[in-house]
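Novice: heads up, no residue letters with this:
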(Lines give C-alpha, C1' and ligand atoms only; values in the text may rest on other atoms or scores of the structure.)
Protein backbone atom coordinates (compact mmCIF):
# COMPACT_ATOMS: atom_id res chain seq x y z
CA UNK A 1 0.00 0.00 0.00
CA UNK A 2 2.77 2.37 0.87
CA UNK A 3 4.36 1.85 -2.48
CA UNK A 4 1.03 2.36 -4.23
CA UNK A 5 0.41 5.55 -2.27
CA UNK A 6 3.84 6.85 -3.15
CA UNK A 7 3.23 6.23 -6.82
CA UNK A 8 -0.19 7.89 -6.62
CA UNK A 9 1.27 10.90 -4.80
CA UNK A 10 4.02 11.27 -7.37
CA UNK A 11 1.47 11.28 -10.19
CA UNK A 12 -0.72 13.80 -8.35
CA UNK A 13 2.25 16.07 -7.60
CA UNK A 14 3.40 15.98 -11.21
CA UNK A 15 -0.05 17.00 -12.42
CA UNK A 16 -0.30 19.73 -9.79
CA UNK A 17 3.18 21.00 -10.68
CA UNK A 18 2.30 21.11 -14.36
CA UNK A 19 -0.89 23.05 -13.64
CA UNK A 20 0.92 25.46 -11.34
CA UNK A 21 3.70 25.98 -13.87
CA UNK A 22 1.19 26.58 -16.63
CA UNK A 23 -0.60 29.18 -14.53
CA UNK A 24 2.67 30.82 -13.55
CA UNK A 25 3.88 30.87 -17.16
CA UNK A 26 0.58 32.34 -18.31
CA UNK A 27 0.84 35.12 -15.75
CA UNK A 28 4.49 35.78 -16.62
CA UNK A 29 3.75 35.83 -20.37
CA UNK A 30 0.81 38.18 -19.83
CA UNK A 31 3.01 40.60 -17.90
CA UNK A 32 5.80 40.37 -20.48
CA UNK A 33 3.37 40.90 -23.35
CA UNK A 34 1.82 43.88 -21.58
CA UNK A 35 5.25 45.50 -21.15
CA UNK A 36 6.23 44.75 -24.75
CA UNK A 37 2.93 46.12 -26.06
CA UNK A 38 3.28 49.25 -23.93
CA UNK A 39 6.77 49.90 -25.30
CA UNK A 40 5.64 49.22 -28.86
CA UNK A 41 2.64 51.51 -28.47
CA UNK A 42 4.86 54.27 -27.08
CA UNK A 43 7.23 53.99 -30.04
CA UNK A 44 4.37 53.84 -32.54
CA UNK A 45 2.65 56.82 -30.94
CA UNK A 46 5.90 58.81 -30.99
CA UNK A 47 6.36 58.07 -34.70
CA UNK A 48 2.73 58.89 -35.44
CA UNK A 49 2.90 62.12 -33.45
CA UNK A 50 6.10 63.15 -35.24
CA UNK A 51 4.49 62.58 -38.62
CA UNK A 52 1.31 64.35 -37.58
CA UNK A 53 3.25 67.31 -36.18
CA UNK A 54 5.35 67.54 -39.35
CA UNK A 55 2.20 67.58 -41.49
CA UNK A 56 0.56 70.13 -39.21
CA UNK A 57 3.66 72.37 -39.20
CA UNK A 58 3.91 72.18 -42.99
CA UNK A 59 0.28 73.21 -43.34
CA UNK A 60 0.70 75.99 -40.79
CA UNK A 61 3.88 77.29 -42.48
CA UNK A 62 2.20 77.19 -45.88
CA UNK A 63 -0.77 79.16 -44.54
CA UNK A 64 1.53 81.67 -42.82
CA UNK A 65 3.69 82.12 -45.94
CA UNK A 66 0.57 82.60 -48.08
CA UNK A 67 -0.72 85.27 -45.70
CA UNK A 68 2.68 87.01 -45.59
CA UNK A 69 3.07 86.94 -49.38
CA UNK A 70 -0.50 88.26 -49.80
CA UNK A 71 0.30 91.17 -47.48
CA UNK A 72 3.57 91.88 -49.31
CA UNK A 73 1.83 91.72 -52.69
CA UNK A 74 -0.85 94.14 -51.46
CA UNK A 75 1.89 96.62 -50.57
CA UNK A 76 4.15 96.03 -53.56
CA UNK A 77 1.75 95.35 -56.43
CA UNK A 78 0.24 98.87 -56.63
CA UNK A 79 3.76 100.25 -56.91
CA UNK A 80 4.56 98.09 -59.91
CA UNK A 81 2.70 100.61 -62.02
CA UNK A 82 5.81 102.77 -61.71
CA UNK A 83 7.66 100.41 -64.04
CA UNK A 84 7.04 102.68 -67.06
CA UNK A 85 9.33 105.19 -65.43
CA UNK A 86 12.15 102.68 -65.78
CA UNK A 87 13.33 102.21 -62.20
CA UNK A 88 15.84 99.40 -61.64
CA UNK A 89 17.44 98.10 -58.47
CA UNK A 90 21.05 97.07 -58.03
CA UNK A 91 22.36 95.08 -55.05
CA UNK A 92 26.14 94.92 -54.74
CA UNK A 93 28.50 93.33 -52.24
CA UNK A 94 31.18 95.51 -50.71
CA UNK A 95 34.06 95.04 -48.31
CA UNK A 96 34.44 97.56 -45.50
CA UNK A 97 36.76 100.48 -46.36
CA UNK A 98 37.05 99.27 -49.98
CA UNK A 99 36.12 101.64 -52.83
CA UNK A 100 33.11 101.10 -55.07
CA UNK A 101 33.18 97.75 -56.90
CA UNK A 102 33.49 97.49 -60.67
CA UNK A 103 30.07 95.82 -61.00
CA UNK A 104 28.35 98.80 -59.39
CA UNK A 105 30.32 101.13 -61.66
CA UNK A 106 29.31 99.07 -64.69
CA UNK A 107 25.65 99.21 -63.65
CA UNK A 108 25.73 103.01 -63.37
CA UNK A 109 27.78 103.23 -66.58
CA UNK A 110 25.15 101.21 -68.49
CA UNK A 111 22.20 103.27 -67.19
CA UNK A 112 23.97 106.54 -68.06
CA UNK A 113 24.77 105.39 -71.60
CA UNK A 114 21.23 104.15 -72.22
CA UNK A 115 19.79 107.48 -71.09
CA UNK A 116 22.21 109.34 -73.38
CA UNK A 117 21.11 107.29 -76.38
CA UNK A 118 17.56 108.55 -76.91
CA UNK A 119 16.96 106.14 -79.80
CA UNK A 120 16.91 103.14 -77.44
CA UNK A 121 14.14 104.25 -75.07
CA UNK A 122 12.95 107.64 -76.35
CA UNK A 123 10.05 108.06 -73.90
CA UNK A 124 11.74 106.62 -70.84
CA UNK A 125 14.48 107.78 -68.51
CA UNK A 126 16.05 105.03 -66.47
CA UNK A 127 16.58 105.59 -62.78
CA UNK A 128 18.14 103.25 -60.27
CA UNK A 129 18.34 102.43 -56.60
CA UNK A 130 21.67 101.11 -55.32
CA UNK A 131 21.87 98.98 -52.19
CA UNK A 132 25.18 97.77 -50.75
CA UNK A 133 25.51 94.68 -48.57
CA UNK A 134 28.34 92.80 -46.90
CA UNK A 135 29.73 89.66 -48.48
CA UNK A 136 27.89 86.41 -47.64
CA UNK A 137 25.03 88.30 -45.94
CA UNK A 138 21.97 86.66 -47.50
CA UNK A 139 19.60 88.06 -44.85
CA UNK A 140 20.65 91.62 -45.60
CA UNK A 141 20.36 90.88 -49.33
CA UNK A 142 16.76 89.72 -48.82
CA UNK A 143 15.90 92.82 -46.77
CA UNK A 144 17.40 95.19 -49.35
CA UNK A 145 15.58 93.39 -52.17
CA UNK A 146 12.27 93.87 -50.32
CA UNK A 147 13.10 97.57 -49.87
CA UNK A 148 13.71 97.94 -53.60
CA UNK A 149 10.54 96.08 -54.54
CA UNK A 150 8.61 98.40 -52.25
CA UNK A 151 9.98 101.28 -54.35
CA UNK A 152 8.47 99.70 -57.45
CA UNK A 153 11.62 98.69 -59.34
CA UNK A 154 11.07 96.89 -62.62
CA UNK A 155 13.95 94.48 -62.13
CA UNK A 156 16.64 93.62 -59.60
CA UNK A 157 20.29 93.30 -60.65
CA UNK A 158 22.69 91.34 -58.45
CA UNK A 159 24.13 90.48 -56.02
CA UNK A 160 26.93 88.14 -57.07
CA UNK A 161 27.63 85.69 -54.24
CA UNK A 162 25.73 82.40 -54.54
CA UNK A 163 23.94 82.44 -51.15
CA UNK A 164 22.81 86.04 -51.60
CA UNK A 165 21.74 85.37 -55.19
CA UNK A 166 19.50 82.49 -54.07
CA UNK A 167 17.82 84.62 -51.40
CA UNK A 168 17.07 87.50 -53.77
CA UNK A 169 16.03 85.14 -56.54
CA UNK A 170 13.41 83.48 -54.31
CA UNK A 171 11.84 86.85 -53.46
CA UNK A 172 11.82 88.02 -57.09
CA UNK A 173 10.30 84.73 -58.19
CA UNK A 174 7.54 84.94 -55.57
CA UNK A 175 6.67 88.50 -56.61
CA UNK A 176 7.16 87.83 -60.34
CA UNK A 177 9.82 90.51 -60.77
CA UNK A 178 12.76 89.82 -63.13
CA UNK A 179 16.07 89.06 -61.44
CA UNK A 180 19.13 89.72 -63.62
CA UNK A 181 22.23 87.63 -62.87
CA UNK A 182 25.74 87.77 -64.34
CA UNK A 183 27.48 84.96 -62.46
CA UNK A 184 27.90 81.29 -63.25
CA UNK A 185 24.82 79.44 -62.05
CA UNK A 186 24.57 75.82 -60.98
CA UNK A 187 22.06 73.98 -63.21
CA UNK A 188 18.61 74.01 -61.61
CA UNK A 189 16.87 70.70 -60.89
CA UNK A 190 13.41 72.23 -61.36
CA UNK A 191 11.86 75.22 -63.05
CA UNK A 192 10.62 77.01 -59.93
CA UNK A 193 12.87 80.01 -60.50
CA UNK A 194 11.21 81.21 -63.69
CA UNK A 195 11.67 84.95 -63.16
CA UNK A 196 15.43 85.22 -63.54
CA UNK A 197 17.64 85.93 -66.52
CA UNK A 198 21.21 84.68 -66.32
CA UNK A 199 23.48 86.35 -68.86
CA UNK A 200 26.45 84.09 -68.15
CA UNK A 201 27.08 81.28 -70.67
CA UNK A 202 25.47 77.98 -69.75
CA UNK A 203 27.82 75.54 -68.04
CA UNK A 204 27.10 72.75 -70.57
CA UNK A 205 28.17 74.99 -73.48
CA UNK A 206 31.49 75.79 -71.81
CA UNK A 207 32.00 72.12 -70.95
CA UNK A 208 31.49 71.02 -74.56
CA UNK A 209 33.72 73.83 -75.82
CA UNK A 210 36.57 72.69 -73.53
CA UNK A 211 36.25 69.13 -74.84
CA UNK A 212 36.31 70.47 -78.42
CA UNK A 213 39.57 72.31 -77.67
CA UNK A 214 41.16 69.12 -76.29
CA UNK A 215 40.10 67.19 -79.39
CA UNK A 216 41.28 69.99 -81.68
CA UNK A 217 44.79 69.86 -80.21
CA UNK A 218 44.67 66.03 -80.23
CA UNK A 219 45.74 65.77 -76.60
CA UNK A 220 45.88 62.14 -75.48
CA UNK A 221 46.55 62.93 -71.84
CA UNK A 222 45.53 66.02 -69.92
CA UNK A 223 45.61 67.25 -66.32
CA UNK A 224 42.57 69.07 -64.98
CA UNK A 225 43.28 71.46 -62.09
CA UNK A 226 40.16 72.86 -60.45
CA UNK A 227 39.65 75.45 -57.73
CA UNK A 228 36.38 74.25 -56.19
CA UNK A 229 33.68 71.63 -56.75
CA UNK A 230 31.82 73.75 -59.31
CA UNK A 231 34.76 73.22 -61.66
CA UNK A 232 33.93 69.52 -61.86
CA UNK A 233 30.42 70.44 -63.04
CA UNK A 234 31.71 72.88 -65.64
CA UNK A 235 34.16 70.28 -66.98
CA UNK A 236 31.92 67.23 -66.80
CA UNK A 237 31.93 66.67 -70.59
CA UNK A 238 35.73 66.42 -70.50
CA UNK A 239 35.75 64.29 -67.34
CA UNK A 240 33.39 61.80 -69.02
CA UNK A 241 35.56 61.75 -72.16
CA UNK A 242 37.73 58.69 -71.29
CA UNK A 243 34.67 56.44 -71.63
CA UNK A 244 34.09 57.70 -75.19
CA UNK A 245 37.48 58.85 -76.43
CA UNK A 246 41.06 57.71 -76.01
CA UNK A 247 41.95 60.47 -73.54
CA UNK A 248 43.68 59.96 -70.21
CA UNK A 249 42.67 62.50 -67.58
CA UNK A 250 44.33 63.27 -64.26
CA UNK A 251 42.33 65.44 -61.87
CA UNK A 252 43.98 67.67 -59.26
CA UNK A 253 42.68 70.39 -56.94
CA UNK A 254 44.36 73.66 -56.08
CA UNK A 255 45.12 73.97 -52.36
CA UNK A 256 42.21 75.30 -50.33
CA UNK A 257 42.91 78.01 -47.79
CA UNK A 258 46.27 78.81 -49.35
CA UNK A 259 47.41 80.60 -52.48
CA UNK A 260 50.63 78.60 -52.65
CA UNK A 261 50.22 76.17 -55.56
CA UNK A 262 53.96 75.45 -55.89
CA UNK A 263 53.90 72.01 -54.20
CA UNK A 264 51.17 70.96 -56.64
CA UNK A 265 53.05 72.43 -59.60
CA UNK A 266 56.18 70.61 -58.47
CA UNK A 267 54.32 67.28 -58.60
CA UNK A 268 53.01 68.11 -62.07
CA UNK A 269 56.49 69.05 -63.27
CA UNK A 270 57.91 65.81 -61.88
CA UNK A 271 55.15 63.82 -63.58
CA UNK A 272 55.79 65.58 -66.91
CA UNK A 273 52.21 66.80 -67.13
CA UNK A 274 52.56 69.14 -70.08
CA UNK A 275 48.91 69.67 -71.07
CA UNK A 276 47.01 71.33 -68.25
CA UNK A 277 43.51 72.80 -67.95
CA UNK A 278 42.98 75.26 -65.11
CA UNK A 279 39.43 75.92 -63.95
CA UNK A 280 39.70 78.87 -61.57
CA UNK A 281 38.79 82.53 -61.25
CA UNK A 282 40.82 85.13 -63.09
CA UNK A 283 42.23 86.33 -59.76
CA UNK A 284 43.50 82.82 -59.00
CA UNK A 285 44.72 82.45 -62.59
CA UNK A 286 46.89 85.55 -62.15
CA UNK A 287 48.48 84.05 -59.01
CA UNK A 288 48.97 80.63 -60.63
CA UNK A 289 50.68 82.13 -63.69
CA UNK A 290 53.24 83.89 -61.51
CA UNK A 291 53.97 80.66 -59.64
CA UNK A 292 54.24 78.68 -62.88
CA UNK A 293 56.88 81.16 -64.04
CA UNK A 294 58.79 80.85 -60.75
CA UNK A 295 58.76 77.04 -61.08
CA UNK A 296 60.39 77.16 -64.53
CA UNK A 297 57.27 75.74 -66.19
CA UNK A 298 56.85 78.54 -68.74
CA UNK A 299 58.52 76.76 -71.65
CA UNK A 300 57.55 75.55 -75.10
CA UNK A 301 56.90 72.06 -73.70
CA UNK A 302 53.85 73.22 -71.77
CA UNK A 303 50.39 74.12 -73.02
CA UNK A 304 48.00 75.71 -70.52
CA UNK A 305 44.30 76.19 -71.06
CA UNK A 306 42.37 78.50 -68.71
CA UNK A 307 38.58 78.23 -68.60
CA UNK A 308 38.11 81.71 -67.13
CA UNK A 309 36.53 84.02 -69.68
CA UNK A 310 38.76 86.84 -68.43
CA UNK A 311 42.17 85.41 -69.30
CA UNK A 312 42.83 88.21 -71.79
CA UNK A 313 41.98 90.82 -69.17
CA UNK A 314 45.09 89.73 -67.26
CA UNK A 315 48.52 91.23 -67.77
CA UNK A 316 50.17 88.48 -69.86
CA UNK A 317 53.14 90.58 -70.97
CA UNK A 318 55.64 88.87 -68.57
CA UNK A 319 54.96 85.52 -70.32
CA UNK A 320 54.88 86.71 -73.92
CA UNK A 321 58.42 85.63 -74.86
CA UNK A 322 58.69 82.52 -72.69
CA UNK A 323 57.69 80.16 -75.48
CA UNK A 324 54.79 78.70 -73.49
CA UNK A 325 51.50 77.90 -75.23
CA UNK A 326 48.48 79.47 -73.57
CA UNK A 327 44.83 79.18 -74.64
CA UNK A 328 41.59 80.63 -73.34
CA UNK A 329 38.12 81.78 -74.34
CA UNK A 330 37.23 85.41 -74.86
CA UNK A 331 33.59 86.47 -74.76
CA UNK A 332 34.09 90.18 -75.48
CA UNK A 333 34.89 90.68 -79.14
CA UNK A 334 37.03 93.81 -78.97
CA UNK A 335 37.63 93.55 -82.74
CA UNK A 336 34.04 94.73 -83.12
CA UNK A 337 34.09 98.57 -83.39
CA UNK A 338 30.98 98.98 -81.22
CA UNK A 339 32.37 96.75 -78.47
CA UNK A 340 35.77 98.43 -78.71
CA UNK A 341 34.09 101.82 -78.29
CA UNK A 342 32.28 100.67 -75.13
CA UNK A 343 35.49 99.19 -73.68
CA UNK A 344 37.35 102.43 -74.41
CA UNK A 345 34.67 104.54 -72.68
CA UNK A 346 34.73 102.09 -69.77
CA UNK A 347 38.51 102.46 -69.45
CA UNK A 348 38.10 106.24 -69.25
CA UNK A 349 35.37 105.81 -66.62
CA UNK A 350 37.64 103.58 -64.54
CA UNK A 351 40.46 106.12 -64.64
CA UNK A 352 38.13 108.80 -63.25
CA UNK A 353 36.60 106.60 -60.52
CA UNK A 354 38.05 105.68 -57.11
CA UNK A 355 37.49 101.96 -57.73
CA UNK A 356 40.06 99.42 -56.66
CA UNK A 357 42.49 98.11 -59.30
CA UNK A 358 42.88 94.36 -59.00
CA UNK A 359 46.35 92.84 -59.00
CA UNK A 360 47.30 91.09 -62.23
CA UNK A 361 44.67 92.95 -64.27
CA UNK A 362 45.43 95.34 -67.10
CA UNK A 363 44.37 98.84 -66.12
CA UNK A 364 40.92 99.85 -67.32
CA UNK A 365 40.17 96.39 -68.75
CA UNK A 366 36.55 95.23 -68.80
CA UNK A 367 35.89 91.78 -67.35
CA UNK A 368 33.15 89.51 -68.70
CA UNK A 369 30.84 90.08 -65.74
CA UNK A 370 31.35 93.82 -66.08
CA UNK A 371 30.55 93.54 -69.78
CA UNK A 372 27.41 91.52 -69.03
CA UNK A 373 26.25 94.25 -66.66
CA UNK A 374 26.53 96.69 -69.54
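Specialist: On my side now, so go ahead. For clarity, every value in this text was computed on a predicted model and none was experimentally measured.
Novice: what sits against residue 332?
Specialist: 339, 343, 366, 368, 371 (C-beta atoms under 8 Å, 6 or more residues apart in numbering). Every residue, glycine included, has its C-beta placed from N, CA and C.
Novice: what helix or strand does the last one sit in?
Specialist: Element membership of residue 371 [criterion: DSSP states H and E] is helix 368-373.
Novice: Turn the contacts of residue 332 into CSV, including pLDDT and neighbour count.
Specialist: As requested, the contacts of residue 332 are exported to CSV (pLDDT from 0 to 100; neighbours: other C-beta atoms under 10 Å):
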residue, pLDDT, neighbour count
339, 83, 15
343, 82, 18
366, 76, 26
368, 79, 20
371, 76, 21
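Novice: Looking at the residues you listed, spot the one nearest residue 152.
Specialist: residue 371 (28.3 Å; C-beta to C-beta).
Novice: which non-adjacent residue is nearest the closest one?
Specialist: residue 332 (5.1 Å; C-beta to C-beta, 6 or more residues apart in numbering).
Novice: That neighbour should be in a helix, yeah?
Specialist: No: residue state for residue 332 (DSSP: H, G, I helix; E, B strand; the rest coil) corresponds to coil; a helix is not indicated.
Novice: Which pLDDT value belongs to the residue most central in space within the chain?
Specialist: What sits nearest the mean C-alpha location of the chain, by C-alpha atoms, centre = their mean, is residue 162, with 4.7 Å. Per-residue confidence (pLDDT) for residue 162: 74.
Novice: same thing with the one 4 residues further on?
Specialist: According to the prediction, residue 166 has pLDDT 85.
Novice: Ramachandran angles for residue 226?
Specialist: phi -120, psi 160 (degrees, to the nearest 10).
Novice: State the distance from it to residue 331.
Specialist: 20 Å (C-beta to C-beta, to the nearest Å).
Novice: Same drill for these two, tell me which one is more crowded.
Specialist: residue 226 (21 against 14; other C-beta atoms under 10 Å).
Novice: Just the buried positions in stretch 169-184, please.
Specialist: Buried positions in stretch 169-184, judged by neighbour count with 16 or more other C-beta atoms under 10 Å: 169-175, 177, 179-184.
Novice: Restricted to helices, list those.
Specialist: Assigned to helices by DSSP state H, the following of these qualify: 169, 170, 171, 172, 173, 174, 175.
Novice: from memory the last one sits against residue 148, does it?
Specialist: What it means is residue 175. No: the criterion here is C-beta atoms under 8 Å, and residue 175 misses it with residue 148 at 10.8 Å.
Novice: can you give me the strands in the stretch 201-350 of the chain?
Specialist: Here the stretch 201-350 of the chain has its strands, by DSSP state E, counting those that start in this stretch, at 221-226, 248-253, 275-279, 303-306, 325-328.
Novice: With distance to residue 261 and mean pLDDT as extra columns, can I get those strands in JSON lines?
Specialist: Output for the strands of the stretch 201-350 of the chain, formatted as JSON lines (distance: least, C-beta to C-beta, whole Å; pLDDT from 0 to 100):
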{"stretch": "strand 221-226", "distance to residue 261": "8", "mean pLDDT": "96"}
{"stretch": "strand 248-253", "distance to residue 261": "10", "mean pLDDT": "95"}
{"stretch": "strand 275-279", "distance to residue 261": "10", "mean pLDDT": "96"}
{"stretch": "strand 303-306", "distance to residue 261": "13", "mean pLDDT": "96"}
{"stretch": "strand 325-328", "distance to residue 261": "16", "mean pLDDT": "94"}
